[in-house]
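Participant: quick one, what's the 3D model for this:
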Amino acid sequence: MGLTIGVIVVIISLAASVFVWNVELNRLFHADIIKVEPGKQVRPMSEMLKSAQLALDDKPVNFVHIVNQPDLAYLFVARKEAAKPGYTYFSENEYFLRVYVNPYTAKVTGILDMRYEPIYLFRVLHQQLLLNYSIGHLFVAISSLIYVLMIITGLILWFPRNKGAWKQRFNIKWNASSKRLNHDVHSVGGAYMQPLLIILIITGLVWSFRWWQYGINALLGVSEKDFITIPKPPAGKAKIGYNDALDLAFNNAWKQHRQKPVLEMISVFDRQNIAISIEYTDGGLTPKGEYRNYSVVDGEEYFVIGHDDFNIAQKFRNINYGIHVGSIYGLPTKIIAFIVSLFSASLPVSGWYIWLNRRKKSRPNAKQKSEK
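Facilitator: As a prediction, this is how the structure comes out:
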């Protein structure tokens with residue numbers, strides 16, 4: 001079992017080290033469709049949605065993702081799960097398409113099929129080993145839980161037993177033999193990396209097990225009844241068309257953030273309610289989030305959940321993804337996540353090498369005993 005866990009850890013850690021740079025890689029390899037020439041005026045959301053929808057034929061657009069940078073296209077997503085998925089990720093979706101639209105011309109710049117897009121597949125490899133999610137994510141989650149236990153037991157074994165061993169436990173002997181160097185990098189490096197490794201695993205397991213999320217909520221002193229629920233949208237005969245309501249909603253959302261710069265916006269296209277999720281900065285240490293809800297009847301805002309309204313568990317959940325992928329503080333934390341992921345991939349390999357050397361040493365002793 002240990003070998004199987006080790007192989008899975010190596011795979012998901014290497015995949016994570018690549019996906020840390022997914023934004024940069026996408027903008028590098030898909031620059032022709034993601035990058036646009038900044039213009040003076042952004043077209044109405046309804047016009048961009050219409051362009052995206054026309055490019056998809058009869059496939060409805062599910063949501064839009066906006067990164068608030070003047071040289072980036074808006075991202076529209078159409079996804080439909082397969083009625084009878086197989087055992088792999090490639091059978092999960094009937095279609096999964098990203099449509100990029102120039103916000104200044106409302107023209108489609110390109111379409112990506114996310115079932116086979118190489119950069120996104122590193123996320124799928126990390127998350128579910130390219131298997132169907134219902135199967136793959138369990139392999140990853142269970143392996144991650146066992147990996148946490150292995151890290152903790154490894155730390156116990158590393159812990160110095162006397163004062164004289166403290167210096168040795170915190171230093172790597174770089175000029176030693178390959179066996180000793182491998183041992184030092186594994187044990188000493190593992191001790192330094194252990195807190196960061198556990199943080200990455202803890203934040204990843206939030207998506208795997210509901211009980212894990214409930215446990216974090218309980219540790220933070222929050223129960224399910226403390227979460228804010230969104231009321232049903234106002235009912236009534238539509239006063240304006242859906243497209244007009246959509247444009248009014250987005251105009252209002254942008255207007256509310258003139259003093260608090262928007263980082264990203266996500267909105268699911270629902271004919272019953274216009275909900276816009278906003279990530280913004282106000283100069284604090286971490287990005288903040290809010291949810292604005294608008295009526296399709298008249299395009300008016302009817303419910304807002306601001307950052308100050310969230311309990312501590314919801315605030316943690318809002319930054320959980322940023323912590324997990326290292327994007328929370330930009331390039332510095334991405335580099336840290338990249339290094340930790342690579343080191344994580346090396347731990348099962350160096351640990352196996354240590355075990356192999358100890359096994360070789362024990363064989364002659366066993367032979368000598370049998371001869372006696």
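Participant: helices and strands around the helix-or-strand element of the chain with minimal mean pLDDT, which ones?
Facilitator: Across the helices and strands of the chain, mean pLDDT, DSSP states H and E gives its lowest value to helix 164-169, namely a mean of 72. For helix 164-169, the elements it packs on are helix 178-205, judged by 3 or more C-beta pairs under 8 Å, 6 or more residues apart in numbering; DSSP states H and E. Backbone N, C-alpha and C define where each C-beta goes, glycine included.
Participant: spatially central residue in the chain, please.
Facilitator: For the chain, residue 321 is the residue whose C-alpha lies nearest the centre (C-alpha atoms, centre = their mean; 4.7 Å).
Participant: for that one, what are its contacts?
Facilitator: Shown in contact with residue 321 (C-beta atoms under 8 Å, 6 or more residues apart in numbering): 203, 327.
Participant: name the SS class of it, please.
Facilitator: Classification of residue 321 using DSSP: H, G, I helix; E, B strand; the rest coil returns helix.
Participant: tell me the spacing between it and residue 207.
Facilitator: Distance, residue 321 to residue 207, by C-beta to C-beta, to the nearest Å: 9 Å.
Participant: next one: residue 236
Facilitator: As judged by C-beta to C-beta, residue 236 and residue 207 stand 38 Å apart.
Participant: just want to know which of those two has more residues nearby.
Facilitator: residue 207 (16 against 10; other C-beta atoms under 10 Å).
Participant: element containing that one?
Facilitator: If you go by DSSP states H and E, residue 207 is not part of any helix or strand.
Participant: contacts only, for it.
Facilitator: Listed by C-beta under 8 Å, 6+ apart, the contact partners of residue 207 are 127, 137.
Participant: what bits of this structure have low per-residue confidence?
Facilitator: Where the chain drops to pLDDT under 70, the residues are 1, 164, 225, 362-372.
Participant: that one: helices as residue ranges?
Facilitator: 2-19, 22-29, 31-34, 45-55, 118-128, 133-158, 164-169, 178-205, 210-219, 242-255, 312-325, 331-371 (DSSP state H).
Participant: leaving out chain neighbours, which residue sits closest to residue 322?
Facilitator: In space, and not counting its chain neighbours, residue 322 is closest to residue 328: 3.6 Å by C-beta to C-beta, 6 or more residues apart in numbering.
Participant: what's the spacing between the residue nearest to residue 33 when sequence neighbours are not counted and residue 76?
Facilitator: Distances taken as C-beta to C-beta, 6+ apart place residue 110 nearest to residue 33, at 2.9 Å, with adjacent residues excluded. To residue 76, residue 110 is 11 Å away according to C-beta to C-beta.
Participant: over to residue 267?
Facilitator: Distance of residue 267 to residue 76, given as C-beta to C-beta: 10 Å.
Participant: the more surrounded of the two?
Facilitator: Neighbours were counted for residue 267 and for residue 76 using other C-beta under 10 Å; residue 76 has more, 26 against 22.
Participant: distance of the more buried one relative to residue 100?
Facilitator: Counting by C-beta to C-beta - residue 76 and residue 100 are separated by 8 Å.
Participant: residue 277 now?
Facilitator: The gap separating residue 277 from residue 100 is 20 Å, by C-beta to C-beta.
Participant: neighbour-wise, which of the two wins?
Facilitator: More crowded of residue 277 and residue 100, by other C-beta under 10 Å: residue 100, with 23 against 18.
Participant: can you redo the helices of the chain as a markdown table with distance to residue 64?
Facilitator: Below are the helices of the chain laid out as a markdown table (distance: least, C-beta to C-beta, whole Å):
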| stretch | distance to residue 64 |
| --- | --- |
| helix 2-19 | 22 |
| helix 22-29 | 17 |
| helix 31-34 | 14 |
| helix 45-55 | 7 |
| helix 118-128 | 18 |
| helix 133-158 | 23 |
| helix 164-169 | 52 |
| helix 178-205 | 26 |
| helix 210-219 | 27 |
| helix 242-255 | 9 |
| helix 312-325 | 18 |
| helix 331-371 | 25 |
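Participant: so which of these gets nearest residue 283?
Facilitator: The closest of the helices of the chain to residue 283 is helix 312-325. By C-beta to C-beta, the value is 15.8 Å.
Participant: next, the buried residues of the closest one.
Facilitator: The neighbour-count check on helix 312-325 (16 or more other C-beta atoms under 10 Å) flags 313, 314, 315, 316, 317, 318, 319, 320, 322, 323, 324, 325 as buried.
Participant: pretty sure the fifth one is touching residue 206, no?
Facilitator: If I follow you right, that is residue 317. Yes: assessed by C-beta atoms under 8 Å, residue 317 is found in contact with residue 206 at 7.3 Å.
Participant: hey, what's in contact with both of these two?
Facilitator: Shared contacts of residue 317 and residue 206, defined by C-beta under 8 Å, 6+ apart, comprise residue 213.
Participant: which residues does the least confident helix or strand of the chain contact?
Facilitator: Residues contacting helix 164-169 (C-beta under 8 Å, 6+ apart): 158, 159, 160, 187, 188, 191.
Participant: not counting sequence-adjacent ones, nearest residue to the fourth one?
Facilitator: If I follow you right, that is residue 187. Nearest residue to residue 187, sequence neighbours excluded (C-beta to C-beta, 6+ apart): residue 158, at 5.0 Å.
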